[in-house]
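Student: any chance you can model this:
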Amino acid sequence: MDLEIQGSLLQAADKLVGFVSELMRTSKTEEDLRIGFEKILDPLLKSIGVESQPSYERLGAEAKTVYRGRPDAVHGQVIIEYEPPGAFSSNHTVLHAHEQLVGYMTAEAQGHKTDPLGLLNRLVGVGFDGHSIFFVQYPRRKNGKTTTIDKALFIRHGLYPFAPESARTLLTYLRALARLPLTAEHLADKFGPKSKIAPMAVSAFADALENWGGARVRVFFNEWKRLFGIVYGEQFSTQQAEEAQVLSRLYGVGKETDFQELLFSVHTYFALMMKLIAAELVTLKENTFTASFSHQLTHTSKEGLQAQLADIEDGGIYAKRGITNFLEGDFFQWYLDALSPRLEEAIREIARGLSEFEPATTTIDPESARDLIKKLYQYLVPQEVR
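Tutor: Reported below is the predicted structural model:
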């Protein structure tokens, strides 16, 4: 009895609730609950590289499971505190489980000498009795210099019935153990000028623009030049030697590439990433536990890739979900008419990189994703050419 890897996150949540309902017919103790629950979850979590680490209080009086993910993941740990089936009908037991989680999370953070609060912000505590569930987190620090932990600041979300919505929240937290947070800083590490992907992609866009595009592509490019000329004035057309050198050096593109074409390629690269992230967000509930939209895009056929990119660029992927007028008159869709083999491979690499990120970051850690687009643009385009 385990969760299937295929199917959407919502379907996995529904099945998890059904499996737990069956489990509760025979579970009498918290240990029964823990063993049975882990047996359900383990195959799913192992498929994304998350291993469980059962942990016991002294004398074995309390059962808890610690799930650890990759060191740079959205969440460093998800700690599940189990109580006997139905125990949360008593508010005293809820408070006890909350205090146990706060104590464990605090001790874990204090063991991290370099940045205890940074670690604490990435921990999630879960109280679970088979019928009800709650989540415990420490609010993101506002003052980076603060190093003390105030136990009174821990926030408890719930008690909630263990139903599809709360099960989906739990699965999202667990999946986040294996994925990078969707923040400008982490995106810049993966896709910024110093990454492997950026020079590969920008040079592929520049090559496609120069050598693979026809009249329609030039129309898009010339319209972009006209609009940017209005915004930036005469300096956009003159005195570009220094800016061209900066951008060429940053992205490892040959000096012979025209500055305006190079900047247009960088803007196209940035725009495509934003569209792919948007596609991840609007398809979030439909994707499987293991495979995001970008993951599927990476492994589709050439025809499938072209069709899905066209669906993104004409707004179809958003319109099908009730979001209209999202993309209209966008000249950064030009690459669809110049999709060289080199550019196709670069786009697959972009999608492959994005598949490592947790799109639900904006929901489970909204503070970390603030000003995402603005910050990422600043990372990708140097001050000298903005």
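
Student: return the per-residue confidence for residue 210.
Tutor: For residue 210, the pLDDT comes out at 92.

Student: what's the answer for residue 362, then?
Tutor: 68.

Student: for the stretch 51-200 of the chain, which spans come out with low pLDDT?
Tutor: Where the stretch 51-200 of the chain drops to pLDDT under 70, the residues are 51-64, 69-76, 113-114, 140-147.

Student: mind redoing it with 80?
Tutor: Within the stretch 51-200 of the chain, the segments meeting pLDDT under 80 span 51-77, 111-115, 118-119, 140-148, 178.

Student: could you verify that residue 185 is part of a strand?
Tutor: No - Residue 185 is assigned helix when assessed by DSSP: H, G, I helix; E, B strand; the rest coil, not a strand.

Student: tell me where the model's unsure across the stretch 201-350 of the chain.
Tutor: 228-248, 250, 252-257, 284-292, 321-329.

Student: for it, what spans make up the strands?
Tutor: Remark: no strands are assigned in the stretch 201-350 of the chain by DSSP state E, counting those that start in this stretch.

Student: before we move on, what about the stretch 1-150 of the chain?
Tutor: Secondary structure of the stretch 1-150 of the chain (DSSP E, counting those that start in this stretch): strands at 51-56, 63-68, 77-82, 123-128, 132-137.

Student: please name the nearest non-neighbouring residue to residue 163.
Tutor: residue 17 (6.2 Å; C-beta to C-beta, 6 or more residues apart in numbering). From N, CA and C alone the C-beta is placed, and that goes for glycine too.

Student: tell me the contacts of the one you found?
Tutor: By C-beta atoms under 8 Å, 6 or more residues apart in numbering, the contact list for residue 17 reads 162, 163, 164, 167.

Student: would JSON lines of those residues with neighbour count be doable?
Tutor: Below are the contacts of residue 17 laid out as JSON lines (neighbours: other C-beta atoms under 10 Å):
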{"residue": "162", "neighbour count": "22"}
{"residue": "163", "neighbour count": "13"}
{"residue": "164", "neighbour count": "17"}
{"residue": "167", "neighbour count": "24"}
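
Student: return the subset of these lying in helices.
Tutor: Among the contacts of residue 17, DSSP state H puts 164, 167 in helices.

Student: nearest to residue 45, of the contacts of residue 17?
Tutor: Using C-beta to C-beta, residue 167 is the member of those that sits closest to residue 45, with 14.2 Å.

Student: distance of that closest one relative to residue 344?
Tutor: 38 Å (C-beta to C-beta, to the nearest Å).

Student: likewise for residue 295?
Tutor: Counting by C-beta to C-beta, the gap between residue 295 and residue 344 amounts to 17 Å.

Student: in stretch 215-227, what counts as buried?
Tutor: Using 16 or more other C-beta atoms under 10 Å as the test for burial, stretch 215-227 gives 217, 220, 221, 224, 225.

Student: revised request: answer the last question for stretch 302-318.
Tutor: Buried, per 16+ other C-beta under 10 Å, within stretch 302-318: 305, 308, 309, 312, 313, 315, 317, 318.

Student: now the residues you listed in a markdown table, with distance to residue 117?
Tutor: Shown next, in a markdown table, are the buried residues of stretch 302-318 (distance: C-beta to C-beta, whole Å):
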| residue | distance to residue 117 |
| --- | --- |
| 305 | 43 |
| 308 | 41 |
| 309 | 41 |
| 312 | 38 |
| 313 | 42 |
| 315 | 42 |
| 317 | 39 |
| 318 | 38 |
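
Student: so which of these would you say is closest to residue 349?
Tutor: Using C-beta to C-beta, residue 305 is the member of the buried residues of stretch 302-318 that sits closest to residue 349, with 12.2 Å.

Student: contacts only, for residue 80.
Tutor: Residues near residue 80 by C-beta under 8 Å, 6+ apart: 34, 37, 64, 65, 66, 67, 126, 128.

Student: name the member of those residues with the most neighbours.
Tutor: The residue in the contacts of residue 80 with the most neighbours, by other C-beta atoms under 10 Å, is residue 128 (27 neighbours).

Student: how close does it get to residue 16?
Tutor: Look at residue 128 and residue 16: by C-beta to C-beta, they are 12 Å apart.

Student: got it, and residue 354?
Tutor: Using C-beta to C-beta, residue 354 is found at 26 Å from residue 16.

Student: try residue 181
Tutor: Taking C-beta to C-beta, one finds residue 181 at 24 Å from residue 16.

Student: just to revisit the earlier point, can you flag which of the buried residues of stretch 215-227 belong to helices?
Tutor: Counting by DSSP H, the buried residues of stretch 215-227 contribute 217, 220, 221, 224, 225 to helices.

Student: my read: the fourth one touches residue 331, true?
Tutor: What it means is residue 224. Yes - using C-beta atoms under 8 Å, residue 224 is in contact with residue 331, at 5.0 Å.

Student: residues touching residue 220, list them.
Tutor: Shown in contact with residue 220 (C-beta under 8 Å, 6+ apart): 331, 332, 333, 334.

Student: and the gap between it and residue 14?
Tutor: Using C-beta to C-beta, we find residue 220 at a distance of 45 Å from residue 14.

Student: then residue 346?
Tutor: Residue 346 is 38 Å from residue 14, by C-beta to C-beta.

Student: more neighbours: which of these two?
Tutor: Counted by other C-beta under 10 Å, residue 346 and residue 14 do not tie: residue 346 has more neighbours, with 25 against 16.

Student: distance of the more buried one from residue 28?
Tutor: To residue 28, residue 346 is 57 Å away according to C-beta to C-beta.
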